[in-house]
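Asks: A structural model of the following input is requested.
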Amino acid sequence: MIESRQIVLKCESCRVQKSFTLNMTQVRKLSEGSALQLHCSSCSSPQHWMATEPIPAMDSDVDAPAKAKNILLVDDDDLILKLLQKVLETWNAKIEISTNGKEALAKLATRSFDLVICDLQMPEMSGQELFQHIQENALISPSRIIFLTGDKRDEAKSFLDGTGCNFLYKPIQFLDFSGHIQEMLNDDLTTST
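Replies: Purely as a prediction, here's the structure:
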């Protein structure tokens with residue numbers, strides 16, 4: 001089963017062309033004639049991108065829907081949560097949201113998640129404190145966690161390096177974020193088959 005495809009797209013604003021690795025939902029949108037909104041490094045902003053060549057209609061056997069992934073987003077910033085949720089909608093994901101570590105811990109204790117995306121600095125319980133509880137209770141593997149932070153101090157970097165988790169610095173580059181998510185979810189598919 002093909003989970004992603006390499007497709008050359010063209011920015012509708014500046015006409016630059018670039019090869020992207022797209023998930024099957026994105027490929028389907030392109031095959032239906034819809035544009036994708038992706039960041040353009042030439043325009044320095046999100047732009048609409050179209051395929052440079054027609055994409056044939058999707059074969060239903062090739063594009064059989066995968067089991068939905070359960071993803072927990074943990075951040076106290078509503079705008080970040082909305083943006084991340086929009087990006088994750090393309091991955092056939094069931095998304096749960098928590099605005100602090102305490103809420104996230106309660107959800108992790110009662111449900112199973114394939115991926116946790118977590119801010120470091122939050123009220124009530126920080127990402128570091130949440131990670132300590134996750135480790136103590138073996139709630140999810142560190143390889144299934146992505147930390148997001150704007151904190152580039154040595155203490156934060158030392159903590160992140162020692163966790164075994166993936167991490168990205170804010171402001172988030174959504175192509176990097178998408179690439180990390182795709183890689184982690186694809187790894188999950190290859191290890192579970």
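Asks: Could I get the contacting residues of the residue lying closest to residue 184 once chain neighbours are set aside?
Replies: Nearest in space to residue 184, with sequence neighbours left out and distances taken as CB to CB, 6 or more residues apart in numbering, is residue 115 at 6.2 Å. Every residue, glycine included, has its C-beta placed from N, CA and C. Residue 115 makes contacts with 69-72, 144-146, 181, 184-185, as judged by CB atoms under 8 Å, 6 or more residues apart in numbering.
Asks: Helices - which of these land there?
Replies: Of these, the ones assigned to helices by DSSP state H are 181, 184-185.
Asks: Which one of those sits in the busiest neighbourhood?
Replies: Neighbour counts for the ones in helices among the contacts of residue 115 (other CB atoms under 10 Å) peak at residue 181, which has 23 neighbours.
Asks: Compute the number of surrounding residues for the residue lying closest to residue 101 once chain neighbours are set aside.
Replies: In this structure, residue 101 finds its nearest non-sequential neighbour in residue 125, 2.9 Å apart by CB to CB, 6+ apart. Residues lying near residue 125 (other CB under 10 Å) number 18.
Asks: Please apply the same query to the one 3 residues further on.
Replies: Residue neighbour count, defined by other CB under 10 Å, stands at 18 for residue 128.
Asks: Residue 118 versus that one, what's the distance?
Replies: From residue 128 over to residue 118 the distance is 10 Å, taken as CB to CB, to the nearest Å.
Asks: cool, and residue 79?
Replies: Between residue 79 and residue 118 the distance is 16 Å, computed by CB to CB.
Asks: higher neighbour count, the two?
Replies: A side-by-side neighbour count of residue 79 and residue 118, using other CB under 10 Å, places residue 118 first with 25 against 8.
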